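**Q** build me a structure from this.
(chains A, B, C and D)
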Number of protein chains: 2
Amino acid sequence: MAAADRFDEVLALLRAHGGRVTAPRRAILRALIDHADHPTAEQLTADVQVRHPETHESTVYRFLDDLERLGVIDHVHLGHGPAVYHFADDTHHHLVCEACGLVVEVPDRALEGFRRRLRSDFDFEMEPRHFAVPGRCRACSESAKVSSG
Amino acid sequence: MAAADRFDEVLALLRAHGGRVTAPRRAILRALIDHADHPTAEQLTADVQVRHPETHESTVYRFLDDLERLGVIDHVHLGHGPAVYHFADDTHHHLVCEACGLVVEVPDRALEGFRRRLRSDFDFEMEPRHFAVPGRCRACSESAKVSSG
DNA sequence: GATGCAGTTGCGACCTGGTCGCAGTAGCGG
DNA sequence: CCGCTACTGCGACCAGGTCGCAACTGCATC
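**A** Here you go, the predicted model:
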């Protein structure tokens, strides 16, 4: 989806649900779209405050909550530290290296075998959208082996 | 391992590393051993304070950190909210129902297929010891289907 | 283009979960 | 039973986020 389309589409959806389009909301949505990767609420607040320094963090949190309720975005906890946000139509999961913080995105279907196994063996429906799967990237896992061996 | 053995063994290990055995530490370790499931630091503090009300939460956190550094215990984040603690020799992983909070323990080997897949396809070594795997238990996943359909 | 009112805002207080510096206390090796 | 040093209780502090409130403003209506 083109960024301009997304911008107008989200605002239309917001209005359709009785929400109002305000200057802070435009700026926050713009910041979300402009961030290619996974921004935190703090990063988005900082981006918005470059042009609108009076914008308060609580405004950002509240609008992010609204967008999440509308199904526009999701938030993910990558580990300790703040949550990150991304558009909900971008359906992937996150692997996070606990050593260097690298985030690897994996498509949902990569989970299918494991999900089936947990379903049949443990009556559990895995859904790691809200929390990332922790571990080590190859580089960190190899350097750990070298330094400890 | 019998509880009494574990108690003495941990204290011996502590002393072997230059640590001291104090009344608060005995009480915290006792509370850890007496908890069959996965207590939070707050629960352990409360348990200890039944008999030793002067015990401070920071003492509990510090001793838990020490025990973790000694490899005696691990902490796991089950989701939002406080971390829980368990003995490190009890090597399992945690599936947590995000709806009802149910914790399912799974042995490490249940992860092997998925771990191999992530390793070969994404150069990633999954190690979900420090964060639980989120999802829904069977009951919650079925009641969600009913109420939404 | 003025009016009204509900949705939104900035602000500051507050919350949870946890950490830290400090001065005083107390293990435990000698 | 001394003395060194680890440990303790205490309170302040921190990150990340939430909430109540009074003021403001989008926007539907007239």
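
**Q** mind checking the backbone torsions on A:Phe131?
**A** Note on A:Phe131: backbone dihedrals following degrees, to the nearest 10 are phi -130, psi 140.

**Q** and it, how many neighbours?
**A** Using other C-beta atoms under 10 Å in any protein chain shown, A:Phe131 has 27 neighbouring residues. From N, CA and C alone the C-beta is placed, and that goes for glycine too.

**Q** got it, and the one 3 residues further on?
**A** Residues near A:Pro134, counting by other C-beta under 10 Å, number 22.

**Q** repeat for A:Ala31
**A** For A:Ala31, the count of nearby residues is 20 (other C-beta under 10 Å).

**Q** give me the contact list for stretch A:91-105.
**A** A:38, A:76, A:78-79, A:106-108, A:110-111, A:128-129, A:132-137, A:139-140, A:144, B:118, B:122-124, B:126-127, B:130 (C-beta atoms under 8 Å, 6 or more residues apart in numbering or on different chains).

**Q** and what about A:Val104, helix, strand or coil?
**A** Taken by DSSP: H, G, I helix; E, B strand; the rest coil, the conformation at A:Val104 corresponds to strand.

**Q** again with the one 10 residues further on
**A** Following three-state DSSP, A:Phe114 is assigned to helix.

**Q** next one, pLDDT for the residue nearest the centre of chain A please.
**A** Centroid check for chain A by C-alpha atoms, centre = their mean gives A:Tyr85 as the closest residue, at 2.8 Å. pLDDT recorded at A:Tyr85 is 97.

**Q** which secondary structure element contains it?
**A** Using DSSP states H and E, A:Tyr85 maps to strand A:84-87.

**Q** ok now that strand, how far from the chain's centre?
**A** Offset of strand A:84-87 from its chain centre (C-alpha atoms, centre = their mean, to the nearest Å): 2 Å.

**Q** which elements pack onto that strand?
**A** Helices and strands touching strand A:84-87, by 3 or more C-beta pairs under 8 Å, 6 or more residues apart in numbering or on different chains; DSSP states H and E, are strand A:73-76.

**Q** hang on, the earlier thing: residue contacts, the residue nearest to the centre of chain A?
**A** Remark: with contacts taken as C-beta under 8 Å, 6+ apart, A:Tyr85 is in contact with A:Leu32, A:His38, A:Pro39, A:Thr40, A:Ala41, A:Leu44, A:Leu64, A:Ile73, A:Asp74, A:His75, A:Val76.

**Q** how close does A:Ile28 get to A:Ser58?
**A** 12 Å (C-beta to C-beta, to the nearest Å).

**Q** higher neighbour count, these two?
**A** Neighbours around A:Ile28 and A:Ser58, counted as other C-beta under 10 Å, are more numerous at A:Ile28. The numbers are 24 against 10.

**Q** can the helix or strand encompassing the more buried one be said to contact DNA strand C?
**A** Using DSSP H and E, the element containing A:Ile28 is helix A:23-34. Yes. Using C-beta under 7 Å from any atom of the strand, helix A:23-34 reaches DNA strand C at A:Pro24, A:Arg25.

**Q** can you list the neighbours in contact with the helix or strand following that helix?
**A** Downstream of helix A:23-34, the next assigned helix or strand under DSSP H and E is helix A:41-51. With contact meaning C-beta under 8 Å, 6+ apart, helix A:41-51 is reached by A:24, A:27-28, A:31-32, A:34-35, A:39, A:55, A:57, A:60-61, A:64, A:82-83, A:85.

**Q** 10 Å - rerun?
**A** Here helix A:41-51 makes contact (C-beta atoms under 10 Å, 6 or more residues apart in numbering or on different chains) with A:23-32, A:34-35, A:37, A:39-40, A:54-61, A:63-64, A:75, A:81-85.

**Q** any of these buried? List them.
**A** A:24-25, A:27-32, A:35, A:39-40, A:55, A:59-60, A:63-64, A:75, A:84-85 (16 or more other C-beta atoms under 10 Å in any protein chain shown).

**Q** so how far is A:His77 from the nearest residue to A:Val96 once chain neighbours are set aside?
**A** Once flanking residues are discounted, A:Val96 sits nearest to A:Ala132: 4.4 Å by C-beta to C-beta, 6 or more residues apart in numbering or on different chains. According to C-beta to C-beta, A:Ala132 stands 7 Å off from A:His77.

**Q** who's more crowded, the two?
**A** Shown here are A:Ala132 and A:His77; by other C-beta under 10 Å, A:Ala132 has more neighbours (23 against 19).
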